[in-house]
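1. Give the three-dimensional model of this entry:
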Amino acid sequence: MKEYYVYLLTNQNRTVLYVGVTNDLKRRVGEHKAGAHPGFTKKYNVHSLVYFETYPDVNAAIARGKQLKAGSRQKKLDLINSGNKDWNDLFEDL
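-> Predicted coordinates:
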């Protein structure tokens, strides 16, 4: 059974938030951490995994990702604080 993930990354100072969707969370966050692809996360050093959700359906994950991207910064902060109050990097626990 395939799983899909919607995730939030931040930088060291917690000033930037990034929303992504993937089918392999560990691989994708590892790519962000390694700066494997040029783009937003590499440019702004956004590589700390602070929140994620799991979905069994790719369309549901994509829809949720779009919802989060369109939402306010405060809503994203509330999500992170609800499950990861200390903003720990969750990557090592995957």
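2. Over to F52. Which of the three states is it?
-> strand (DSSP: H, G, I helix; E, B strand; the rest coil).
3. burial measure for it, as a count.
-> Residues near F52, counting by other Cβ atoms under 10 Å, number 19. All C-beta spots, glycine's among them, are computed from the backbone N, C-alpha and C.
4. how close does it sit to G83?
-> 9 Å (Cβ to Cβ, to the nearest Å).
5. So for these two, which residues contact both of them?
-> Common neighbours of F52 and G83, using Cβ atoms under 8 Å, 6 or more residues apart in numbering, do not exist here.
6. contacting residues for V46?
-> 9-11, 16-18, 32, 40.
7. Looking at these, which one is closest to G65?
-> Nearest to G65 among the contacts of V46: Y18, at 10.9 Å, using Cβ to Cβ.
8. Number of residues surrounding that closest one?
-> 19.
9. Wait, a helix at it?
-> No - Y18 is assigned strand when assessed by three-state DSSP, not a helix.
10. Test my guess that it contacts L8.
-> Yes - using Cβ atoms under 8 Å, Y18 is in contact with L8, at 6.9 Å.
11. Need the residues touching each of the two.
-> With Cβ under 8 Å, 6+ apart, Y18 and L8 have no common neighbours.
12. Please enumerate the helices of this structure.
-> 25-34, 40-43, 58-70, 73-83 (DSSP state H).
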